[in-house]
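Novice: Fold the following and give me the result.
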Amino acid sequence: MNWSSLEELHDFYVDHLMHTLVPFWLNFGLDRENGGYFTCFNNAGDRLVSQHKYTWSQGRFLWMVSRLAHTFGDYVGPDRHREFIEAAT
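Specialist: Below you'll find the model as predicted:
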């Protein structure tokens, strides 16, 4: 990739985070039935390969959604911010 400015690079990463990565994890990573987070997907991300919930991955996911809420709360708006808080809860 040829980036002409740091601003373009910043915009690319924020867009990828908010429109690709975060939606995937909020849609498929939350165990809405039993609580906690699913983290064991195949490399393509199209199949959950294990429903085991390892302690370190639970803490890591919790840190991630908490950090998203803290860092991007003003950027994403109140509805999305609430979604991050609910995922952390």
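Novice: which residue ranges form the helices in the protein?
Specialist: Applying DSSP state H to the chain gives helices spanning 6-16, 22-24, 55-76, 78-88.
Novice: for those helices, which one sits closest to Gly45?
Specialist: helix 22-24 (6.3 Å; CB to CB). (Each C-beta comes from the backbone N, C-alpha and C, glycine too.)
Novice: can you list the helices of the chain in a markdown table and add mean pLDDT, mean neighbour count and distance to Asn42?
Specialist: Listed next are the helices of the chain as a markdown table, based on pLDDT from 0 to 100; neighbours: other CB atoms under 10 Å; distance: least, CB to CB, whole Å:
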| stretch | mean pLDDT | mean neighbour count | distance to Asn42 |
| --- | --- | --- | --- |
| helix 6-16 | 91 | 11 | 20 |
| helix 22-24 | 95 | 15 | 13 |
| helix 55-76 | 93 | 14 | 15 |
| helix 78-88 | 94 | 15 | 22 |
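Novice: just so I know, which of those lies nearest Glu33?
Specialist: It's helix 78-88; of the helices of the chain, that one is closest to Glu33 (CB to CB) at 14.6 Å.
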